[in-house]
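Chemist: Got a sequence here, can you build the structure:
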Amino acid sequence: MYFYELHEGDEDVFSDVLLVRDEEMDPDDFFELVQSIRRRIQDSYEDDTLIEAIAVELEREHGFVFVSDERLSAAVNVSAEERENFLTAIDRGDEDEDEDERGADYRAIVAEFDPDGESGLPN
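Modeler: Sure thing, here's the model as predicted:
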C-alpha cells in the first residue's frame, strides 16, 4: 500500500487528508493528477474543503482510497497518564446534520492581535 497526502491552508489554519493506493504513483505524476482535478473542480465542488473534493475524485476515478473519518472503526485517546487513555466515541454526524448543514468538525477564525496598536475607533 502506498500513502499520499493533500494539504490545504496556510501556517495558521490548515487541514489535510490521507489517501491510500495499491499501486505506487510517481510523485510528479500524482502532483499533475491533483492539479488537473483541482483546475476542473475548484469552482464547483460541494465538499467542505477543496482537498476533500479532490480526494473524492481521486477515489472515484483513479483507484485511491480516501481515508476519511467516515471510515474509522475505532479511535483511542492515548496518553502517558493512565486516566487519560480511553476509547473515544466516533461521531457519525447523523444526529447533528440539521444544526450544521456543512457537517465540518471545526471552524476557525484567525485574528491578528496587537496589544500596542491603535484601535482605529474614534475617541
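
Chemist: In the helix or strand containing R40, which residues are buried?
Modeler: Under the criterion of DSSP states H and E, R40 resides in helix 27-41. For helix 27-41, the neighbour count (16 or more other C-beta atoms under 10 Å) marks 30, 33-34, 37-38, 41 as buried. Placement of C-beta: from N, CA and C, glycine included.

Chemist: Include pLDDT and distance to M1 when you put the residues you listed into JSON lines, please.
Modeler: Compiled in JSON lines, the buried residues of helix 27-41 are given as follows (pLDDT from 0 to 100; distance: C-beta to C-beta, whole Å):
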{"residue": "F30", "pLDDT": "97", "distance to M1": "15"}
{"residue": "L33", "pLDDT": "97", "distance to M1": "18"}
{"residue": "V34", "pLDDT": "97", "distance to M1": "19"}
{"residue": "I37", "pLDDT": "97", "distance to M1": "21"}
{"residue": "R38", "pLDDT": "96", "distance to M1": "24"}
{"residue": "I41", "pLDDT": "95", "distance to M1": "26"}
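
Chemist: Which one of these is nearest to A53?
Modeler: Nearest to A53 among the buried residues of helix 27-41: I41, at 5.5 Å, using C-beta to C-beta.

Chemist: how near is the closest one to D48?
Modeler: Using C-beta to C-beta, to the nearest Å, we find I41 at a distance of 14 Å from D48.

Chemist: which residues in this structure form strands?
Modeler: Ranges of strands within the chain are 2-9, 14-21, 65-67, 75-77, 86-88, based on DSSP state E.

Chemist: Report pLDDT for E101.
Modeler: Listed pLDDT for E101 reads 48.

Chemist: that older thread, any chance of JSON lines for the buried residues of helix 27-41, columns distance to E84?
Modeler: Below are the buried residues of helix 27-41 laid out as JSON lines (distance: C-beta to C-beta, whole Å):
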{"residue": "F30", "distance to E84": "38"}
{"residue": "L33", "distance to E84": "41"}
{"residue": "V34", "distance to E84": "37"}
{"residue": "I37", "distance to E84": "40"}
{"residue": "R38", "distance to E84": "40"}
{"residue": "I41", "distance to E84": "41"}
